[in-house]
Structure formats: structure tokens, C-alpha cells
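>>> Here you go, sequence then predicted model.
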Amino acid sequence: MKRAAARIACASSLVATLLCFAAITPATASTPESCSGTRTPESFRACIASAARVYTALWQPLLTSRGLSATPPIVDIFTGPPLNPCVDATEGDVAVASFWCDKNRTVYVSSFASRYWTREYAREAKRQHVLASDAQRTHRTQHRLLRGFANQGAATEFAHELGHWVQHQAGIEAWYTERLMGTGPKAAAYQSAAELAADCMAGWVQGRAAASGTWRNTPFVRWANHATIAELGGDLTGMRTHFRFPREESVIAHGGPYSRLRLYDAGFALGASGSDGLAGCAAAAASYTGTEPPPLP
Ligand SMILES: [Zn+2]
């Protein structure tokens, strides 16, 4: 079975369990933005600026309709361990991937992680003999896929971190934190619920951007999005033949590639259909992790 077909099937079965929420007013269609092009410091900055503008604008109506503040987050691109109130580099807690810092409402975007994610995914695809079909589907050469796609990959990382910003604005970040820091038997599951909800929200905003025509959506873009989410779930050494991601026995921390892609795809479908990404993703992640959904304003 081809990977894409397997993923679409698992997304639709999950979405089928979700309630459909009120449609969101589509963003005004204009020239679609993208993160295409070869990575240079300038194109990378332009890519993240585009993602911040487009993705934030898609979330803001959902927040304001609930009476919540929709003040955009600060966005900071880092090339080395950033000084910030959430990660203390002096204690060895060095940031590699992008992250959200609630203490200063900043999305820190790694300038180097996403190239690694997409490159490693392509290498694994080659080992599993599916890179040729990937290249055909994305209209790229195998050689090009193997060089990685830092820009679009970083946009996907950013979309996940922006999901944490939405959780923060909605007041549910603290709700998740209280439970994951607790001593209850499901404490660890609440961390997974918060993270998988953010993956779902990454999918939602990218699906919404694709459907509203505000972001160019091509087979290649979808490939880079999936490659990034899969690699964020850890290395792919447990891959089964035909590049199928093994289902986790139990979801740990952020979740593995199977869980992360499943929630991402569920979110993408919610976004494409105009469903509410905040309520829908909170419900999807709660259902998947066996936790209570957070109360929403
Ligand atoms: Zn996260």
C-alpha cells in the first residue's frame, strides 16, 4: 500500500468520529504564499514571515469569536541556542528544534532543524525504495528530495508551535500543564494530548490555508509537511516495509511518527472542511490519548 493512501485512510476514520463544527469564514483569496525556493537566510526569513502572517490570520477569527485576545506571538529565528526564559542553555537544556515559550509569548524557530528533518525522511524513503515514487508524485528529482527542504519544513514546525500559542490564548495551555505535572495515572497522557493537539492544529492551519487559497498547496508541499511531522516523531528506524509507520503500543511524550501524522492529517481534513480547529483538535487529541478534553471558552 502506498503511504499517502494509508495516511488518508487513517485520517478520515478519525475525522469520522468528530463532530462537525460551525464553518469558519474563509480567508480572502489572494495570491497564495509559499515557502518554495532554495534555502538562503533571506528566503528562510521570508518564508517564516509568510507563515506567521497567513497562519496567524487564520487562527485569529477563531480566538476573537470566543472573546479571546488574538495578539500575534513574537517570532524569533535562532541559529544557535537562544537566550530565553524557557530553555536554560547554561544547564545543558539546549534547543535544537523550534519551540514555543509562554513566558514571553514567543515562537522560537530553528533555522537548521527542518533541513535535517526533511533530508532524513528522504534518506529513509530511499532505503525503503519509495523515493522514486515520491519524486514522481512531487515533481522533484530524487537528488533534490535528498537535499532537504528547510523552508517548507520550518513552516510546518512553526505551524505546530503556533498551535501552542492558540492553546495559550485559549487558556488551555495552563489546563494541560496542571494535569501533566500532576500525580494522576494519566499525567503523562496529558502531555501527549497537548502535543498531539498541536500537531492536529498544525494540520488544521495548513489545511485551512490550502482550502482558502492563501498558501500554495502542491504534492511537494504536502510531502515536506509530512516529512517534517514524521521526523519530529523521532527517528524512523522502526519503519516497516513499504514505509509504513508502526503504531505505538502506547503514546509516549510527543508521540511517534504514526500518532503525529495521524493527528496532523485529521487536523488537515478539519481545516480543509472549514471545521473549528481549536475544539476539533482538542477533541481529537483527547480521544486518541484517552484523556478528558479541555474546557473551551
Ligand atoms: Zn509542541
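On my side now, so go ahead. Numbers count the residues shown, from 1 in each chain.
>>> how about the residues of the stretch 51-200 of the chain near the ion?
Contact residues (Cβ under 5 Å from the ion) of the stretch 51-200 of the chain with the ion: Glu195, Ala198. Where you see a C-beta, it was placed from the backbone N, CA and C, and this is true even at glycine.
>>> ok, which stretches of the stretch 51-200 of the chain are helices?
113-127, 131-138, 142-146, 150-169, 172-180, 187-212 (DSSP state H, counting those that start in this stretch).
>>> Need those in a markdown table (columns: distance to Lys103, mean pLDDT and mean neighbour count).
Converted to a markdown table, those look like this (distance: least, Cβ to Cβ, whole Å; pLDDT from 0 to 100; neighbours: other Cβ atoms under 10 Å):
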| stretch | distance to Lys103 | mean pLDDT | mean neighbour count |
| --- | --- | --- | --- |
| helix 113-127 | 21 | 88 | 21 |
| helix 131-138 | 39 | 94 | 17 |
| helix 142-146 | 38 | 93 | 16 |
| helix 150-169 | 10 | 95 | 26 |
| helix 172-180 | 11 | 93 | 17 |
| helix 187-212 | 17 | 95 | 26 |
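>>> Which one of those lies nearest to Ser43?
Checking the helices of the stretch 51-200 of the chain against Ser43 by Cβ to Cβ gives helix 150-169 as the closest, at 6.2 Å.
>>> can you pull the contacts of the residue nearest to Trp165 when sequence neighbours are not counted?
In this structure, Trp165 finds its nearest non-sequential neighbour in Pro73, 4.5 Å apart by Cβ to Cβ, 6 or more residues apart in numbering. Going by Cβ atoms under 8 Å, 6 or more residues apart in numbering, Pro73 touches Thr56, Trp100, Arg105, Thr106, Val107, Leu162, Trp165.
>>> hmm, back to that, looking at the helices of the stretch 51-200 of the chain, spot the one closest to Ser34.
Per Cβ to Cβ, nearest to Ser34 of the helices of the stretch 51-200 of the chain: helix 150-169, 7.8 Å.
>>> list the helices and strands that closest one packs on?
helix 41-64, strand 99-101, strand 106-110, helix 113-127, helix 172-180, helix 187-212, helix 219-232, helix 277-289 (3 or more Cβ pairs under 8 Å, 6 or more residues apart in numbering; DSSP states H and E).
>>> Would you mind putting those into CSV with distance to Arg144 alongside?
Shown next, in CSV, are those (distance: least, Cβ to Cβ, whole Å):
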stretch, distance to Arg144
helix 41-64, 16
strand 99-101, 29
strand 106-110, 22
helix 113-127, 9
helix 172-180, 38
helix 187-212, 21
helix 219-232, 9
helix 277-289, 32
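>>> Of the contacts of Pro73, grab the buried ones for ChimeraX.
The ChimeraX selection below is limited to those of those classed as buried (16 or more other Cβ atoms under 10 Å):
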select :56,100,106,107,162,165
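>>> ok, so of the contacts of Pro73, who is nearest the ion?
Taking Cβ to the ion as the measure, the ion lies nearest Trp100 of those, at 6.6 Å.
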